[in-house]
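Enquirer: Show me how the following folds:
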Amino acid sequence: MNFIEGFTFERSSGVAFYGAGFLTNAAFLQLATRWPQVSRRWREADAALADYGRPRGLHARLRLTAASLMCFALVEHVLANITNLVTSVTCSSGGFDWLRRYCQRAYPQVFSLVAYDHGRCLVFWATNVIDTFAWNFMDLFVMLLSMVLAARFHQLNSRLHALRGKMLTQNEWRRLREDYDTLCQLTRDVDSSVCNIVLLSCANNLYFICLQLFNSLKPMRHWGAVYFYVSFAVLFGRTIAVLFLAARVNDQSKGPLPVLFQVPSDSYCVEVERLMDQVIWDEVAFTGLKFFSITRKLILTVAGTIATYEVVLLQLNDVNAFSRTEQQSLNSTEPTVHASAGLGGMPASGPPTFTVILKDILTWYTPEPVLAAVQAVFMHNNGSPSAATEQEQSTAPVFMAGAPPTKDGLEAMDTESASPPPPTTPGDGSWWPDNDPGGY
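Expert: Here you go, the predicted structure:
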């Protein structure tokens, strides 16, 4: 595949992958400059919530999530390399030719522009590994941050549920409201630092899901089919995990509402009202560069977008298949002689052009007297056609100038016993000149 032949959706995968890898590395470098402030703010929040203790089982869940995601990513990456390697070894001519074919197959966007070299191959292999790790780490980073913040909100919700229906003083309600506000402010501070990473994660995953759905319409065999299904399962599962875990922060931030709605009248105070207003009107969630908030509604929107794309893709695929079938049928059809219009057909040499279609429309739907009159006008303007040999007559253009066809002439054409003399040069009376770009 020559990458420079044309930039299509299929060939954009390499540009999207390496472009997203570059942007991801740049985003984490930018985050590194802000991380001391984020860490300090997080320590202050932990100190304010010290009496809640550490969330139970959080460390184990974080380790399990990280190990699972990286293992699935490793399996997917190894399968991708095995698929390219098997094809390269099969097509190699011996020696280290398999390495050249492997690199040209794995990095067509590079080696279609520059000559192959073992050093370049090693550099781009290392770049591919780094960008693959950055892509997976980006999703893992968002998932781990979401799990920690959601666990903190869950602690506060558990305490509120434990105090449901009890009489609390205004100071106790104020302390609960301040704890909730601390978590909300911490979430906003973290989101302001990682919102660009969240946007990259969502956009990258959505793009590659659409690309995999596009590739699903192609025939696959052996290792290619195995890699496709594993890759799509890992990609789809990881995307769902990122969205659900990030949306869980917003879900947990709305957790206090059921308890606040059941506060006894004797315990109701201005602090309860303030806390209720903050829970209802303050949207606490991760955002994609402030363009959208990750909630459960967004997950349904993304799922609907993917489903719409797949339906449109299937329809376009059906249309393309129908067009190819019709074209094959047109190319295999024998020429037809239209005696009533004085027309002889010849097989098309390629796809029907606008000129060919226009010619057929004029031939089929124009009345015979009109065609005869037009022929007479062209004969009068361009002069009489010159004589031609029998061989030239057999390859003459479809429509000739001359006198209107008579009954005897039409019968002669039907029996292929006579044909009008062809013009010798373009423009000397020919209805369709020899240099017709869509000629028969």
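Enquirer: could you list every residue that touches Asn128?
Expert: 106-107 (C-beta atoms under 8 Å, 6 or more residues apart in numbering). Glycine gets a C-beta too; all of them are placed from N, C-alpha and C.
Enquirer: Okay, and it sits in which element?
Expert: Element membership for Asn128 (DSSP states H and E) is helix 118-162.
Enquirer: do you know how far the closest residue to Tyr18 other than its chain neighbours is from Phe22?
Expert: In space, and not counting its chain neighbours, Tyr18 is closest to Asp131: 5.9 Å by C-beta to C-beta, 6 or more residues apart in numbering. Remark: distance between Asp131 and Phe22 (C-beta to C-beta, to the nearest Å) = 8 Å.
Enquirer: Neighbour count for the two, which is higher?
Expert: Asp131 (18 against 13; other C-beta atoms under 10 Å).
Enquirer: thinking again about what came up before, quick one: the residue nearest to Tyr18 and Val198, what's the gap?
Expert: On the measure of C-beta to C-beta, Asp131 and Val198 end up 19 Å apart.
Enquirer: The closest residue in space to Ala106 that isn't next to it in sequence - how many residues pack around it?
Expert: Leaving aside its chain neighbours, Ala106 sits nearest to Asn84 (5.0 Å; criterion: C-beta to C-beta, 6+ apart). Applying other C-beta under 10 Å, we find 20 residues neighbouring Asn84.
Enquirer: repeat for Leu243
Expert: Leu243: 24 neighbours (other C-beta under 10 Å).
Enquirer: how much does whatever helix or strand it lives in deviate in direction from helix 118-162?
Expert: Counting by DSSP H and E, the element that carries Leu243 is helix 223-253. Helix 223-253 runs at 30 degrees relative to helix 118-162, counting by axes from the mean of the first three to the mean of the last three C-alpha atoms, to 10 degrees.
Enquirer: who are the neighbours in contact with the residue nearest to Ala106?
Expert: Per C-beta under 8 Å, 6+ apart, neighbours of Asn84: 102, 105-106.
Enquirer: so how far is Asn250 from the residue nearest to Ala80 when sequence neighbours are not counted?
Expert: Nearest non-adjacent residue to Ala80, counting by C-beta to C-beta, 6+ apart: Tyr227, 6.0 Å away. Per C-beta to C-beta, Tyr227 is found 35 Å from Asn250.
Enquirer: These two: which has the busier surroundings?
Expert: Counted by other C-beta under 10 Å, Tyr227 and Asn250 do not tie: Asn250 has more neighbours, with 22 against 19.
Enquirer: Can you name the residues that contact that one?
Expert: For Asn250, the contacting residues are 283-285, 293-296, by C-beta under 8 Å, 6+ apart.
Enquirer: same deal with Leu31?
Expert: Taking C-beta under 8 Å, 6+ apart as the test, what Leu31 contacts is 193-194, 197.
Enquirer: From the residues you listed, list the buried ones, please.
Expert: Neighbour counting over the contacts of Leu31 (16 or more other C-beta atoms under 10 Å) leaves 193-194, 197 as the buried ones.
Enquirer: what distance separates the start and the end of stretch 283-299?
Expert: Stretch 283-299 has an end-to-end distance of 16 Å (C-alpha to C-alpha, to the nearest Å).
Enquirer: circling back: now, the buried ones among the contacts of Leu31 that are in helices?
Expert: Counting by DSSP state H, the buried ones among the contacts of Leu31 place 193-194, 197 in helices.
Enquirer: Any chance of those residues in a markdown table with pLDDT and distance to Tyr207 as columns?
Expert: Shown next, in a markdown table, are those (pLDDT from 0 to 100; distance: C-beta to C-beta, whole Å):
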| residue | pLDDT | distance to Tyr207 |
| --- | --- | --- |
| Ser193 | 94 | 24 |
| Val194 | 95 | 20 |
| Ile197 | 95 | 16 |
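Enquirer: quick one: which of the contacts of Asn250 is nearest His154?
Expert: Within the contacts of Asn250, distances to His154 taken as C-beta to C-beta reach their minimum at Val284, with 13.3 Å.
Enquirer: Could you report the neighbour count for Asp191?
Expert: Residues within reach of Asp191, counting by other C-beta under 10 Å, total 23.
Enquirer: and the host helix or strand of it, what other elements does it pack with?
Expert: Following DSSP H and E, one finds Asp191 within helix 170-215. Using 3 or more C-beta pairs under 8 Å, 6 or more residues apart in numbering; DSSP states H and E, the elements in contact with helix 170-215 are helix 12-48, helix 118-162, helix 223-253, helix 270-281, helix 296-332.
Enquirer: that older thread, ok and the helix holding Asn128 relative to helix 170-215, angle-wise?
Expert: Interaxial angle, helix 118-162 versus helix 170-215 (the same axes, to 10 degrees): 140 degrees.
Enquirer: Now do helix 118-162, average pLDDT.
Expert: Helix 118-162 shows a mean pLDDT of 92.
Enquirer: going forward, begin numbering at 54 instead of 1
Expert: Fine by me, first position is 54 from now on; the one you just mentioned is helix 171-215.
Enquirer: what angle do that helix and helix 65-101 make?
Expert: Using the same axes, to 10 degrees: helix 171-215 against helix 65-101 is 40 degrees.
Enquirer: tell me the angle helix 171-215 makes with helix 323-334.
Expert: Relative orientation of helix 171-215 with respect to helix 323-334: 140 degrees, computed using the same axes, to 10 degrees.
Enquirer: looking at the chain, which helix or strand is least sure?
Expert: The helix or strand of the chain with the lowest confidence, counting by mean pLDDT, DSSP states H and E, is helix 443-447 at a mean of 43.
Enquirer: top of the contacts of Asn303 by neighbour count?
Expert: Counting neighbours by other C-beta under 10 Å, Ile347 leads those with 27 neighbours.
Enquirer: Could you find the closest non-adjacent residue to that residue?
Expert: Leaving out its chain neighbours, Ile347 is closest to Ala299 (C-beta to C-beta, 6+ apart), at 4.2 Å.
Enquirer: Tell me which residues touch the one you found, please.
Expert: Neighbours of Ala299 in contact, by C-beta under 8 Å, 6+ apart: 195-196, 199, 251, 338-339, 347.
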